[in-house]
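> Return atomic coordinates for the entry below.
(3 chains)
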Amino acid sequence: MGFSFLPKDQNFFDLFSKQAGFAVSAATLFVEITSKGVYDDEAVRKMRNLEHQADEVTHEIIDRLNKTFITPFDREDIYTLTKELDSVIDMLYTITNRMKVYNINEANHDLIEFSTVIEKSVQALTTAIEGLKDTKHPKIALDSCIEVNRLENIGDNMRDAILAKLFETAQDPVYLIKWKEIYQFAETVLDICEDVAHVVESIIVKQA
Amino acid sequence: MGFSFLPKDQNFFDLFSKQAGFAVSAATLFVEITSKGVYDDEAVRKMRNLEHQADEVTHEIIDRLNKTFITPFDREDIYTLTKELDSVIDMLYTITNRMKVYNINEANHDLIEFSTVIEKSVQALTTAIEGLKDTKHPKIALDSCIEVNRLENIGDNMRDAILAKLFETAQDPVYLIKWKEIYQFAETVLDICEDVAHVVESIIVKQA
Amino acid sequence: MGFSFLPKDQNFFDLFSKQAGFAVSAATLFVEITSKGVYDDEAVRKMRNLEHQADEVTHEIIDRLNKTFITPFDREDIYTLTKELDSVIDMLYTITNRMKVYNINEANHDLIEFSTVIEKSVQALTTAIEGLKDTKHPKIALDSCIEVNRLENIGDNMRDAILAKLFETAQDPVYLIKWKEIYQFAETVLDICEDVAHVVESIIVKQA
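Residues are numbered from 1 along each chain as shown, chains lettered A, B, ... in the order given. Model prediction:
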């Protein structure tokens, strides 16, 4: 498919980089917010700003996809990649906003831990996505995908341990309902990162 | 792709119109049911009837899609459009049925408001889908898609306000569990409408 | 598409058979576990082993798909079939593990009943998938798909009856939260089986 690597296709890579950059910014902001434990209008507004900017890049990618005849890889893969990457940022916004809706204002140790795992996963994902520019040398990209899978497993175990503790100790069912949802949302971010990594792996295999 | 607009392709548009018509009927019935606040066997039966009729149209579209070589737009778009439109009606059935399962019999102000936003969204969606018959003049269709997006944002804010109130005031966790789920289902209907609108926009961009 | 039935394509059928075999093993193991009502490390480990082995087959199918130019049916159908079949097994693992997380150790009559319906559905699905080897004589496969749909309806009604009873009688909201989720997961397994059956039906229609 070498002939499809025309200069204009470079735009897809630039747009993916831009979108991945917003995902990293959102993950870093999420670490800051959870570490402070303040879920106020300002926290929600900051996250929404990132989410809106990332949305625009997503629309740009899909728009370009719809208008481009020859794409650097399968159309379906480009579509899934951008939609799932967008979902990562949407989900971080959803968690931040839901914390405010639930009127939670505390720095929760388990959620901070989750946020740092999410940040690592999004960083590895960004490395994997950058690797799509040079699929002839995919080692770094593939290693990053393995790292994303590893972090998803860690997230699974964290969620299980946290849920077990929550259900064992919960006196207040309303408290339990809130936090059960928040931790599941946090684990879902890692699931979506893993989905993105699978798309990256697929693209690399097809280019091989 | 002009040559693909053969008479027989007209069938897809007729079938989409028919399916959209069932979605509007279901949304209008949902407004009636929530306004009365009676979730009995009859309400569930009426909604299921619509859901079954809409299902048959969905199967007809997919069947025709599997047997048709040239389609008026991308096969994948036709498939997603019909599946998501079907999900709108399924979800309205799910909510109605779940209200009966939860033995709720009250006209809830917030749910009535949600149902009227859903009805507006499904109506706008129908206008957008009708617009697919003439993608050379897409203004009305595209405006309707924007309206569907606007209504989804309104739904998000409604759900957040309702959830905040619910968690602030809930004495009874069982009450909270029921209504939290119902409102989230209601908001999901608007999310699915937005997904359909995105497919319509994609189709129009590709035809341009 | 007759010429695509090259010997090497047979591999896809063998891999689907293998994957379906793991789904049956997982469903049978799930009946055993629910009947005993013991959700301990051993139960989770046994289910995870099956899930891991099934995962490897899924990856092999996707890998082969990415490297194969001519496939026995639509690439998208092969992809969806293997992903959804994998989800059946994942979900059975999720339920088993979640029961352990919730520290539930009882043989619950309703869950046993659900597990036997799931086992029947997965067995019918396996018959349907085997039928893909000979799409000129699709009667047995199509009848099996109808059976999967029938079992999904039974599951819907079971879940509704169980939820109604749960909400009517629940004294303890924490008990309710746990079991509501478990039953919904169980019903989701049947939903996914139905999705797989729809893919099988689509493939057969396209080959006709």
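
> low pLDDT regions in chain A?
For chain A, the stretches with pLDDT under 70 are A:1-10.

> Quick check: residues of it near chain C?
Taking C-beta under 8 Å from any C-beta of the partner chain as the contact definition, chain A meets chain C at A:76, A:160, A:163-164, A:167-168, A:170, A:173, A:176-177, A:180, A:202, A:205-206, A:208. All C-beta spots, glycine's among them, are computed from the backbone N, C-alpha and C.

> could you redo the last one with a cut-off of 10 Å?
Residues of chain A found near chain C (C-beta under 10 Å from any C-beta of the partner chain) are A:74, A:76, A:156, A:159-168, A:170-174, A:176-177, A:180, A:184, A:198, A:201-208.

> Please give the centre-to-centre distance between the helix or strand encompassing A:M158 and its chain.
If you go by DSSP states H and E, A:M158 is part of helix A:139-169. Distance, stretch centre to chain centre, for helix A:139-169: 14 Å (C-alpha atoms, centre = their mean, to the nearest Å).

> Please apply the same query to stretch A:73-91.
10 Å.

> How about it and chain B, touching?
Yes - counting by C-beta under 10 Å from any C-beta, chain B has neighbours in stretch A:73-91: A:R75, A:E76, A:Y79, A:K83.

> tell me which element the last one is part of?
Spelled out, it's A:K83. helix A:75-101.

> Check which element follows that helix along the chain.
helix A:109-130.

> buried sites along that following helix?
A:110-115, A:117-130 (16 or more other C-beta atoms under 10 Å in any protein chain shown).

> For A:W179, list the residues it contacts.
A:W179 makes contact with A:Y102, A:I104, A:N108, A:D110, A:L111, A:I162, A:L163, A:L166, A:A170 under the criterion C-beta atoms under 10 Å, 6 or more residues apart in numbering or on different chains.

> Which of the residues you listed sits closest to C:I33?
If you rank these by distance to C:I33 using C-beta to C-beta, A:L163 comes first, at 19.3 Å.

> and the residue nearest to that closest one when sequence neighbours are not counted, what does it touch?
Spatial nearest neighbour of A:L163, excluding adjacent residues (C-beta to C-beta, 6 or more residues apart in numbering or on different chains): C:V101 at 5.1 Å. C:V101 is in contact with A:159-168, C:39, C:44, C:178, counting by C-beta under 10 Å, 6+ apart.

> before we move on, what about A:A23?
A:50, A:54, A:85-89, A:92, A:118-119, A:121-123, A:125-126, A:129, A:189, A:193, A:196.

> Apply 6 Å and report the result again.
A:L85, A:V88, A:I89, A:V122 (C-beta atoms under 6 Å, 6 or more residues apart in numbering or on different chains).

> Okay, angle between the helix or strand hosting it and helix A:109-130 too, please.
For A:A23, the host element (DSSP H and E) is helix A:10-36. Angle, helix A:10-36 to helix A:109-130, by axes from the mean of the first three to the mean of the last three C-alpha atoms, to 10 degrees: 170 degrees.

> Could you identify the helix or strand that succeeds helix A:10-36?
helix A:41-67.

> before we move on, what SS does A:Q171 have?
Under DSSP: H, G, I helix; E, B strand; the rest coil, A:Q171 falls in the coil class.

> give the contact list for the residue of chain A found nearest chain B.
Among all residues of chain A, A:P173 sits closest to chain B, at 3.9 Å; criterion: C-beta to the nearest C-beta. Residues in contact with A:P173 (C-beta under 6 Å, 6+ apart) are B:P173, C:P173, C:V174.

> With distance to A:S17 added, can I get those residues in TSV?
Formatted as TSV, the contacts of A:P173 follow (distance: C-beta to C-beta, whole Å):
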residue	distance to A:S17
B:P173	46
C:P173	47
C:V174	46
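
> Dead centre of chain A: give me the residue that sits there.
Centroid-nearest residue in chain A, with C-alpha atoms, centre = their mean: A:V88, separated by 3.1 Å.

> ok so, going back, what comes up buried for the helix holding A:A23?
Residues of helix A:10-36 classed as buried: A:12-13, A:15-16, A:19-20, A:22-31, A:33-34 (neighbour count, 16+ other C-beta under 10 Å).

> Stretch A:49-60 too?
A:L50, A:E51, A:Q53, A:A54, A:V57, A:T58.

> As TSV, those residues with distance to A:L142 would be great.
Converted to TSV, the buried residues of stretch A:49-60 look like this (distance: C-beta to C-beta, whole Å):
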residue	distance to A:L142
A:L50	28
A:E51	29
A:Q53	29
A:A54	25
A:V57	25
A:T58	25
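
> Near chain B, which residues of chain A are found?
Residues of chain A lying close to chain B by C-beta under 6 Å from any C-beta of the partner chain are A:N66, A:V101, A:Y102, A:P173, A:V174.

> Looking at those residues, which one is closest to chain C?
Chain C lies nearest to A:P173 out of the residues of chain A next to chain B, by C-beta to the nearest C-beta, at 3.9 Å.

> can you tell me how far that closest one sits from B:K180?
In this view, A:P173 and B:K180 are 12 Å apart by C-beta to C-beta, to the nearest Å.

> what's the answer for A:E130, then?
40 Å.

> give me every residue that touches A:F13.
A:F13 is in contact with A:K133, counting by C-beta under 6 Å, 6+ apart.

> redo that, cut-off 7 Å
Under the criterion of C-beta atoms under 7 Å, 6 or more residues apart in numbering or on different chains, the neighbours of A:F13 are A:L132, A:K133.

> circling back to that earlier point, ok, the buried residues of stretch A:49-60 vs chain C, which is closest?
When the buried residues of stretch A:49-60 are compared against chain C (criterion: C-beta to the nearest C-beta), the nearest one is A:T58, at 22.1 Å.

> pretty sure the closest one contacts A:T82?
Yes - if you go by C-beta atoms under 7 Å, A:T58 and A:T82 touch, sitting 5.3 Å apart.

> got the angle between the helix holding A:M158 and helix C:41-67?
Going by the same axes, to 10 degrees, helix A:139-169 makes 150 degrees with helix C:41-67.
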